[in-house]
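[1] Make a model of this:
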Amino acid sequence: MDAAWMDLGYVVSAALFIFGLKKLGHPRTAPLGNTYGAFGMLVAVVTTIVKMGVDGGIHWALIASGLLIGAAIGWVMAVRVEMTGMPEMVALFNGFGGAASALVAMSETWRWLEDSATIPAAGLELQVAVLAAGLSALVGWVTLTGSLLAMFKLKGGFKLLWVGPWIKTPTWGPSWLNGVKVLLLMSVFAMIGLQLAEPTNTSLMWGVIAVSCVIGVVLVLPIGGADMPVVVSLLNSLSGIAAAFTGIIIGNSVLIVAGSLVGASGLILTFIMCKAMNRTLANVLFTSFGGSDKETVTRTKVGSDPDEVAMLLDGAQKVIIVPGYGMAVSQCQHQVKEFADLLTEKFDTEVKYAIHPVAGRMPGHMNVLLAEANVPYEQLIEMDEINGEFPEADVALVIGANDTTNPAARGDVGPLAGMPILDVDLARTVVIVKRSLSVGYAGVDNDLFYMDKSMMLYGDGKKMMTDLNNAIKEL
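    Below is the predicted model of the structure:
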């Protein structure tokens, strides 16, 4: 069989990746897009195995065992993970993707040590191969260690060997650490440059891997939880870039296409996240945000009770629900869905959900949680579309959101200055479910809490929403 004909499988695979990526642009079509991507990867794997079989260089036992073990691990993780744990799982998979690409690139360059005949021809071909191997190692290992640290930050901490006390993941980043990052990056490029002259120098190979792992840690270490949507998106992009470099080394066109698609789409999403926070990517990566500069809350606000809020909702024609990370922490998305159903059935109220691009700890976090509770996609409205409807809303219910609703962002000074927010304060009445008046990650006190039109329900999100639902049922 002519191997050239087999490349048609790669064309089909690339087309499925592209169509799948297009479908992922909307929550309703996202499951179909995910299916397209999965089938595209299946076609790519089968085509690669067939080509290897024709060339006579395949070890069936290794291939079969790898597929079975990987499928089993993936199935167990997918079944066990809760929707609230999806950000950690996405971060972990980003790291695995980067590490897989780096390992494949390393195994290809390792062949050069065992068989000098496999070394690319001297000249441009060799330089491209060595450069691609070095960049794949850099990006891949940075993605692995950075993603692992991001996962622990999202999780809030870790235990050593799953025993002992819970250790909180630190967020530490003095200004001089930026200089360390630059020096480490320059040292990697220097080692890659030296390896152009010595392609089989194992010390340089291991040096690139070791320093790249350290870069991943120091890159993510200073970044706090509120910036995790940007970090997760960036690491996803890096995993794709690592795959593209690996595709160049092994001459696999579909790996180059798939990696480039992931890299480009992830980078676009990263800049969308940055725009939603009115920050640059460099500002996220190299400048501290919030942390020790938090304002001290000196004002007070008397709390309301669920019965009082329930009576207010009786007769409300339009209610907009604003979910935030607090909803994810308390895992009250099902109670929120029940609340919306009660309003619709009991009062014939129009209910919509206002989704801020960076609400939560990964892009689309609120959409994922609400989808788990079977909230209709039509009710999930993005910030740019829903902001014009807040003045028409009788009640805006804010659940665990802070910085994304803070009117201080409309000013010219402070950490939130210029950040696009949900115009919650324009609703006729605002009900806020929150444990306390504490500031958000940006460290800025929220004037929304103290407005005359605002009502505070202090407490855990799940408990407050359950109490509120019970109060509505008793009306």
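[2] mind listing the strands for this structure?
    Here the chain has its strands, by DSSP state E, at 157-158, 167-168, 318-323, 350-355, 380-382, 395-399, 429-434, 454-458.
[3] Could you save these as CSV and add columns showing distance to Tyr36 and mean neighbour count?
    From N, CA and C alone the C-beta is placed, and that goes for glycine too. Output for the strands of the chain, formatted as CSV (distance: least, Cβ to Cβ, whole Å; neighbours: other Cβ atoms under 10 Å):
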stretch, distance to Tyr36, mean neighbour count
strand 157-158, 35, 14
strand 167-168, 40, 12
strand 318-323, 29, 26
strand 350-355, 24, 22
strand 380-382, 22, 16
strand 395-399, 34, 28
strand 429-434, 38, 25
strand 454-458, 43, 20
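[4] Report the rounded mean pLDDT for the lengthiest helix in the chain.
    The single longest helix within the chain, with elements called by DSSP state H, is helix 124-155. Model confidence over helix 124-155, given as mean pLDDT, is 90.
[5] for stretch 338-350, same thing?
    For stretch 338-350, mean pLDDT is 95.
[6] which residues sit against it?
    313-319, 321, 351, 375, 379, 397, 465, 468-469, 472-473, 475 (Cβ atoms under 8 Å, 6 or more residues apart in numbering).
[7] Buried among those? Make that a ChimeraX selection.
    To isolate the buried ones among the contacts of stretch 338-350 in ChimeraX, judged by 16 or more other Cβ atoms under 10 Å, type:
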select :313,316,318,319,321,351,375,379,397,465,468,469,472
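[8] Okay, and which of the contacts of stretch 338-350 map to helices?
    Using DSSP H, those in helices are Leu313, Met465, Leu468, Asn469, Ile472, Lys473.
[9] so who does Val139 touch?
    Here Val139 is in contact with Gly98, Ser101, Ala102, Ser212, Leu238, Ile241, Ala242, Phe245 (criterion: Cβ under 8 Å, 6+ apart).
[10] follow-up on the earlier one: let me know the closest of the ones in helices among the contacts of stretch 338-350 to Met456.
    The shortest approach to Met456 among the ones in helices among the contacts of stretch 338-350 belongs to Leu468, at 12.8 Å (Cβ to Cβ).
[11] so what pLDDT did the closest residue to that closest one other than its chain neighbours get?
    Nearest non-adjacent residue to Leu468, counting by Cβ to Cβ, 6 or more residues apart in numbering: Pro306, 4.3 Å away. Listed pLDDT for Pro306 reads 94.
[12] Test my guess that Pro306 contacts Ala471.
    Yes - with contacts counted by Cβ atoms under 8 Å, Pro306 reaches Ala471, the gap being 4.3 Å.
[13] how about the strands of the chain in TSV, adding distance to Gly207?
    Formatted as TSV, those follow (distance: least, Cβ to Cβ, whole Å):
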stretch	distance to Gly207
strand 157-158	28
strand 167-168	30
strand 318-323	46
strand 350-355	45
strand 380-382	46
strand 395-399	49
strand 429-434	49
strand 454-458	54
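[14] Tell me which of these sits nearest to Arg299.
    The nearest among the strands of the chain, by Cβ to Cβ, is strand 454-458 at 11.8 Å.
[15] For the nearest residue to Ser454 once chain neighbours are set aside, give its distance to Tyr450.
    In space, and not counting its chain neighbours, Ser454 is closest to Val430: 4.5 Å by Cβ to Cβ, 6+ apart. Val430 sits 11 Å away from Tyr450, going by Cβ to Cβ, to the nearest Å.
[16] now do Thr118
    According to Cβ to Cβ, Thr118 stands 70 Å off from Tyr450.
[17] didn't Val431 look like it was pressed against Tyr458?
    No - using Cβ under 8 Å, Val431 is not in contact with Tyr458; the gap is 11.8 Å.
[18] partners of the residue nearest to Ser454 in the sheet?
    Note on Val430: beta-bridge partners by DSSP bridges are Ala396, Ser454.
[19] Tally up the residues packed near Leu24, please.
    Residues within reach of Leu24, counting by other Cβ atoms under 10 Å, total 18.
[20] give the contact list for the nearest residue to it once chain neighbours are set aside.
    Of all residues not flanking Leu24 in the chain, Gly33 sits nearest, at 4.0 Å (Cβ to Cβ, 6+ apart). For Gly33, the contacting residues are Phe19, Gly20, Leu21, Lys22, Lys23, Leu24, Gly25, by Cβ under 8 Å, 6+ apart.
[21] make it 10 Å
    Residues near Gly33 by Cβ atoms under 10 Å, 6 or more residues apart in numbering: Leu16, Phe17, Phe19, Gly20, Leu21, Lys22, Lys23, Leu24, Gly25, His26.
[22] what about Asp314, distance to Lys346?
    With Cβ to Cβ as the criterion, Asp314 and Lys346 are 8 Å apart.
[23] list residues touching both of the two?
    Common neighbours of Asp314 and Lys346 (Cβ under 10 Å, 6+ apart) are Ile472, Leu475.
[24] Since that was my last question, I'll sign off now.
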